[in-house]
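Engineer: here is my input; please provide its structure:
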Amino acid sequence: MNLQVQYLGFTLRSPLVAGASPLSSSLSGIQQLEQAGAAAIVLPSLFEEQIVKEAIAEKQYTDLSGKYAKFSTLEEYFSPESYLHLIREAKNKVQIPIIASLNGKSPGWWCRFAKKIEEAGADALELNIFWMPTDMDQSADSIEMFTLDIVRLVRQEIQIPLAIKISPFYTNVGNMAKRFLAAGANGLVLFNRFMQPGINTEKIEIKSQMLLGTSRDTFLSLRWIGILFDRLKVDLAATGGVIEPKDAIQLILVGATVVMLCSTLLKNGPEYLNVMEKGLVNWMDEHGYSSLEEWRGLLSQKRCPDPETFERAQYINSLILDREKGNEYR
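Structural biologist: I've put the predicted structure just below:
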């Protein structure tokens, strides 16, 4: 059974990619993921704030000399250098592609750190861009231009493939997808999940929280991957809610090049990659497919028998159309 896919210029043994998580934050975790069958691995994000903090601290170290002497080197203490070290270690120990990740929210000199990531040996870079636009005077257009400026700056720094992990909150996701490609993206990762405020009613406290994904989290990605497939020449990665084999199958049917696994591996361990792969193989065998490319995108908007399904956003419209076709809700 041929599960091979082409993602960001690499031939992967399967579409099952280990997404950014604590499992990929250490060399031992990366090795476990490779041994369990991950086709590629995305490292956790290095944040713009961490890079800026290091630069400020380095200047203080230089200006104040002995004040930080208890650290033998800055590299041992600051996370950006530790991040580069992890990339180097991983590239020396594993054979599958290592995709680094940068998270930023404003155009600036920090984008040059992408070059260091490339020099450390990363096979590709995933750029994660989002901030909460709480300024009510800031227009949607200015936010979009800010975001595209970051992509252009990073693209100027590197030659390796660049994927953009995008938000679902743009006014027109399809238009932004086109503009990301024009700015230099090779792939799109749909969609970014965010920390959300959680309320403790007993202590009357608020704090950020991130819950493990569920299969329902795939619905938005499924819609937009299905719309974008075959309309743009770009690799499409699905992330968020890929919990069981059927989730991966559904996303590939609408056109996903790869699916990224995170919550299910945190819950079930790296070995669950075997379950996911067997699920794909069994489904393909049952339906008479010998190659994944035979059925990828079969139910995308351009290829499915009912393309309007992807455009129905209101319950009553969907209900009326389904009743006209003889389908009743039970």
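Engineer: residue ranges with poor pLDDT in the stretch 151-300 of the chain?
Structural biologist: For the stretch 151-300 of the chain, applying pLDDT under 70 flags the ranges 194-196, 209-211.
Engineer: now the strands for it?
Structural biologist: Secondary structure of the stretch 151-300 of the chain by DSSP state E, counting those that start in this stretch: the strands cover 162-166, 187-190, 196-200, 205-209, 235-239, 258-261.
Engineer: put the alpha carbons of the third one into CSV.
Structural biologist: What that stands for is strand 196-200. Provided in CSV are the C-alpha atoms of strand 196-200 (Å, rounded to 0.1, in the frame of the first residue of the first chain):
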residue,chain,number,x,y,z
GLN,A,196,-8.7,30.8,25.5
PRO,A,197,-9.6,32.5,28.7
GLY,A,198,-10.9,30.1,31.4
ILE,A,199,-12.9,31.3,34.4
ASN,A,200,-12.6,29.7,37.9
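Engineer: each with direction, which strands does that strand pair with?
Structural biologist: With DSSP bridges as the test, strand 196-200 is paired with strand 205-209 (antiparallel).
Engineer: okay, the strands of the stretch 151-300 of the chain in JSON lines with distance to W295 next?
Structural biologist: All C-beta atoms are positioned from the backbone trio N, CA, C, and that covers glycine. Output for the strands of the stretch 151-300 of the chain, formatted as JSON lines (distance: least, CB to CB, whole Å):
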{"stretch": "strand 162-166", "distance to W295": "23"}
{"stretch": "strand 187-190", "distance to W295": "20"}
{"stretch": "strand 196-200", "distance to W295": "35"}
{"stretch": "strand 205-209", "distance to W295": "37"}
{"stretch": "strand 235-239", "distance to W295": "15"}
{"stretch": "strand 258-261", "distance to W295": "14"}
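Engineer: may I see the ones you listed organised as a markdown table, with distance to Q95 and mean neighbour count added?
Structural biologist: Shown next, in a markdown table, are those (distance: least, CB to CB, whole Å; neighbours: other CB atoms under 10 Å):
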| stretch | distance to Q95 | mean neighbour count |
| --- | --- | --- |
| strand 162-166 | 20 | 25 |
| strand 187-190 | 21 | 25 |
| strand 196-200 | 37 | 10 |
| strand 205-209 | 36 | 10 |
| strand 235-239 | 20 | 26 |
| strand 258-261 | 17 | 27 |
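Engineer: can you tell me which of those strands comes nearest to S25?
Structural biologist: The closest of these to S25 is strand 258-261. By CB to CB, the value is 15.3 Å.
Engineer: check the offset of that closest one from the chain's centre.
Structural biologist: 8 Å (CA atoms, centre = their mean, to the nearest Å).
Engineer: packing partners of that strand?
Structural biologist: On a contact count with 3 or more CB pairs under 8 Å, 6 or more residues apart in numbering; DSSP states H and E, strand 258-261 meets strand 16-18, strand 235-239, helix 245-253, helix 272-286.
Engineer: please redo it, this time with the cut-off set to 6 Å
Structural biologist: For strand 258-261, the packing partners by 3 or more CB pairs under 6 Å, 6 or more residues apart in numbering; DSSP states H and E come out as strand 16-18, strand 235-239.
Engineer: so which of the strands of the stretch 151-300 of the chain comes closest to G37?
Structural biologist: Minimum separation from G37 across those (CB to CB) falls at strand 258-261, 10.5 Å.
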